[in-house]
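*Asks:* pasting the structure only:
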């Protein structure tokens, strides 16, 4: 039997191996290219997987087309990348989607990064010479950036920090991990949310010793930063050199910036320097990175990492890397003025609206925990939420009537109201934020969500468009514009926007699903089947939903559902 199977396989492959069938036209082919990274240091390896999705009634026809991947080539851009390898085409099993078989073929190209380039270069495009109907996979933008020459002393100045919240009996109830950066012989900077309400704060020294921290000079809830005191004699004994603070760059938008924590370094481009308080970059971060430094190429501190989006393995989450780092300079003034350090409790700005909002956010988050079903006064969840929203309304009124309204505070208050389920109060905060700063990306994005939910497609498209132009979460906002276009039945525009999102994150299942919906709405069932084939390797749940829609086109496109929130500040502190 094994021999018969080998003979049958040979008979199927015979016309291919003989060179026959290469001119055969299989009408329905899609080509996709995916890279494993977009930013490289010299010496790094880039892998690009080229996939061809072929709709055919017979495996032999699909094989004759898939074999054409052998003829696909893509010269690397001169200088920054050099192609070192390319695998032979490999076939994958066909999948039956609404009565049609969709076969997948792959080929992998491997490049090595060489010299850095100041500009983005494009790898590709790749063209499948499918006789008379060539099919193209668009090129992929790649950047090769200089590797910073950070000294070993720099990493020693980034200290792991642990904060424990303890009960009256001394039992640890909660532990938070982060980092602190030594910026003077007796001063470290860290993120306020790590040490907030902590009973014990400890930093881990390079020698392995631990040092308790209980005093400091300044706390800023607005910037989510704290300047704390450490024993200078211990620092001197450890031989740790402080990190310098960078002068503000004249043109920060063109800078590469780096995050650094023990054993890890990441590279990112600056999205924006927002309102003199914070920097928003594309550095990948992980839980526990709060308090670590954001550095320029000289190793000087530009900001302290306070929040970010953490890449998720889930395929229904857009993998858009965002890091938020705040400028620490205003916190240094008491230290520079020679003021003595005080206890951390004495530094808490009780009447500061940012601090009050932080406390309300923590109380709101506690309601979702198992131990938060009732607060300390024995009130129910509903009653506690009502009290929080009432205090939030007072804060909102005060922020709106301020002589100079703070758009970021108004946005954060609106986001907290949104998380608390008060859409009307949330919308009030977002509208006030936009009135103070028309291009505020977060407020515009969430107003886009609100209008999408109420099916006001024109208004949602307006706000998503503003959010996309602002920089951060640009691809998520572009996806919002695509959903708005689908609501308006602007199918061609929706398809173009969805292709932009998929080019950025080929594994974002909702965008692939929506692209399949758009093809179904346009009567392009073969194109929809190929999208379903691509979706099958990403997420079976979404692929099955799309396959059912292709089998019953009268069921789609399905009604639009609300999209995820912008993961910023309150939901995703690190």
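*Replies:* Cool, got the structure. This one's a predicted model, so the numbers in the text were calculated from it and none came from an experiment.
*Asks:* low-confidence ranges in the stretch 301-450 of the chain?
*Replies:* The model of the stretch 301-450 of the chain has pLDDT under 70 over residues 369-379.
*Asks:* now the helices: where do they sit in it?
*Replies:* If DSSP state H, counting those that start in this stretch is used as the criterion, the helices of the stretch 301-450 of the chain fall at 333-336, 344-347, 353-366, 381-400, 407-419, 423-436, 441-453.
*Asks:* Now tabulate these in CSV and tack on distance to residue 301.
*Replies:* From N, CA and C alone the C-beta is placed, and that goes for glycine too. Putting the helices of the stretch 301-450 of the chain into CSV (distance: least, CB to CB, whole Å) gives the following:
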stretch, distance to residue 301
helix 333-336, 15
helix 344-347, 21
helix 353-366, 22
helix 381-400, 30
helix 407-419, 22
helix 423-436, 29
helix 441-453, 25
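*Asks:* can you tell which of those is closest to residue 139?
*Replies:* Closest to residue 139 of the helices of the stretch 301-450 of the chain, according to CB to CB: helix 441-453, at 27.5 Å.
*Asks:* And that closest one, how far out from the chain middle?
*Replies:* Its chain's average C-alpha position is 18 Å from that of helix 441-453, according to CA atoms, centre = their mean, to the nearest Å.
*Asks:* same deal with stretch 285-298?
*Replies:* 15 Å.
*Asks:* what comes up buried for it?
*Replies:* 285, 288, 289, 290, 291, 292, 293, 294, 295, 296, 297 (16 or more other CB atoms under 10 Å).
*Asks:* Can you give me the first-to-last residue distance of stretch 320-331?
*Replies:* Its first and final residues considered, stretch 320-331 spans 30 Å by CA to CA, to the nearest Å.
*Asks:* buried set for that stretch?
*Replies:* Of all the residues in stretch 320-331, those buried under the rule 16+ other CB under 10 Å are 320, 321, 322, 323, 324, 325, 326, 327, 328, 330, 331.
*Asks:* same question, stretch 518-528
*Replies:* Within stretch 518-528, the residues that count as buried by 16+ other CB under 10 Å are 518, 519, 520, 521, 524, 525, 526, 527, 528.
*Asks:* Just the residues contacting that stretch, thanks.
*Replies:* Applying CB atoms under 8 Å, 6 or more residues apart in numbering, the contact partners of stretch 518-528 are 27-28, 30, 55, 98, 100, 486, 489, 491, 494-495, 498, 516-517, 531, 546, 549-550, 553, 556-557.
*Asks:* Out of these, list just those in helices.
*Replies:* 486, 491, 494, 495, 498, 516, 517, 531, 546, 549, 550 (DSSP state H).
*Asks:* Is residue 216 in contact with residue 228, as I believe?
*Replies:* Yes. At 3.9 Å, residue 216 and residue 228 qualify as touching, with contact defined as CB atoms under 8 Å.
*Asks:* what sits in contact with each of these two?
*Replies:* Common contact partners of residue 216 and residue 228 (CB under 8 Å, 6+ apart): 341, 344.
*Asks:* circling back to that earlier point, and of the buried residues of stretch 320-331, the nearest to residue 204?
*Replies:* Checking the buried residues of stretch 320-331 against residue 204 with CB to CB, the nearest one is residue 328 at 21.0 Å.
*Asks:* Show me which of the contacts of stretch 518-528 are buried.
*Replies:* For those, a burial check counting by 16+ other CB under 10 Å picks out 28, 30, 55, 98, 100, 486, 491, 494-495, 498, 516-517, 531, 546, 549-550, 556-557.
*Asks:* Doesn't residue 149 belong to a helix?
*Replies:* No. Read with DSSP: H, G, I helix; E, B strand; the rest coil, residue 149 is coil and lies in no helix.
*Asks:* what about it, distance to residue 115?
*Replies:* Applying CB to CB, to the nearest Å, the value for residue 149 to residue 115 is 16 Å.
*Asks:* out of those two, which sits in the more crowded spot?
*Replies:* Neighbour totals were compared for residue 149 and residue 115, and residue 115 leads with 12 against 9 (other CB atoms under 10 Å).
*Asks:* What sits closest to the more buried one if chain neighbours are left out?
*Replies:* residue 79 (5.2 Å; CB to CB, 6 or more residues apart in numbering).
*Asks:* For that neighbour, grab phi and psi.
*Replies:* With angles defined as degrees, to the nearest 10, residue 79 sits at phi 100, psi -70.
*Asks:* what does residue 533 give?
*Replies:* With angles defined as degrees, to the nearest 10, residue 533 sits at phi -60, psi -40.
*Asks:* With residue 150 instead?
*Replies:* With angles defined as degrees, to the nearest 10, residue 150 sits at phi -80, psi 140.
*Asks:* So it sits against residue 260, correct?
*Replies:* Yes. Using CB under 8 Å, residue 150 is in contact with residue 260, at 7.0 Å.
*Asks:* if I look at those two, which residues touch both of them?
*Replies:* Common neighbours of residue 150 and residue 260 (CB under 8 Å, 6+ apart) are residue 295.
*Asks:* More neighbours: which of the two?
*Replies:* residue 260 (25 against 15).
*Asks:* and the more buried one, that one's in a strand?
*Replies:* Yes. The assignment for residue 260, made by three-state DSSP, places it in a strand.
*Asks:* Could you give the bridge partners of it?
*Replies:* residue 265 (DSSP bridges).
*Asks:* how long is stretch 260-279 end to end?
*Replies:* So stretch 260-279: terminal residues 16 Å apart, CA to CA.
*Asks:* element containing residue 181?
*Replies:* Using DSSP states H and E, residue 181 sits within strand 172-184.
*Asks:* Can you name the element that comes right after that strand?
*Replies:* With elements assigned by DSSP H and E, the helix or strand that comes after strand 172-184 is strand 187-191.
*Asks:* And that following strand, what does it pack against?
*Replies:* Here strand 187-191 touches strand 172-184, strand 225-229, strand 301-308, going by 3 or more CB pairs under 8 Å, 6 or more residues apart in numbering; DSSP states H and E.
*Asks:* Now find how far off-centre whichever helix or strand comes after that strand is within its chain.
*Replies:* On the C-terminal side of strand 187-191, the nearest following helix or strand under DSSP H and E is helix 192-195. In terms of CA atoms, centre = their mean, the centre of helix 192-195 is found 22 Å from the chain centre.
*Asks:* Could you do stretch 287-302 as well?
*Replies:* A distance of 18 Å separates the centroid of the chain from that of stretch 287-302, by CA atoms, centre = their mean.
*Asks:* ok, now which ones touch the residue nearest to residue 115?
*Replies:* By CB under 8 Å, 6+ apart, the residues touching residue 79 are 114, 115, 117, 121.
*Asks:* mind checking the backbone torsions on the third one?
*Replies:* In other words, residue 117. Per-residue torsions, residue 117: phi -130, psi 140 (degrees, to the nearest 10).
*Asks:* Can you name the residues that contact it?
*Replies:* Contact analysis of residue 117 by CB under 8 Å, 6+ apart lists 77, 79, 80, 143, 144.
*Asks:* Quick check: bridge partners of the residue nearest to residue 204 when sequence neighbours are not counted?
*Replies:* Once flanking residues are discounted, residue 204 sits nearest to residue 160: 4.2 Å by CB to CB, 6+ apart. Assessed by DSSP bridges, residue 160 has beta-bridge partners residue 179.
*Asks:* now residue 458: how far from residue 497?
*Replies:* Residue 458 is 15 Å from residue 497, by CB to CB.
*Asks:* of those two, who's got more company?
*Replies:* Neighbours per residue, other CB under 10 Å: of residue 458 and residue 497, the larger number sits with residue 497, 26 against 10.
*Asks:* Pull the contacting residues for the more buried one.
*Replies:* Contact analysis of residue 497 by CB under 8 Å, 6+ apart lists 478, 479, 481, 482, 485.
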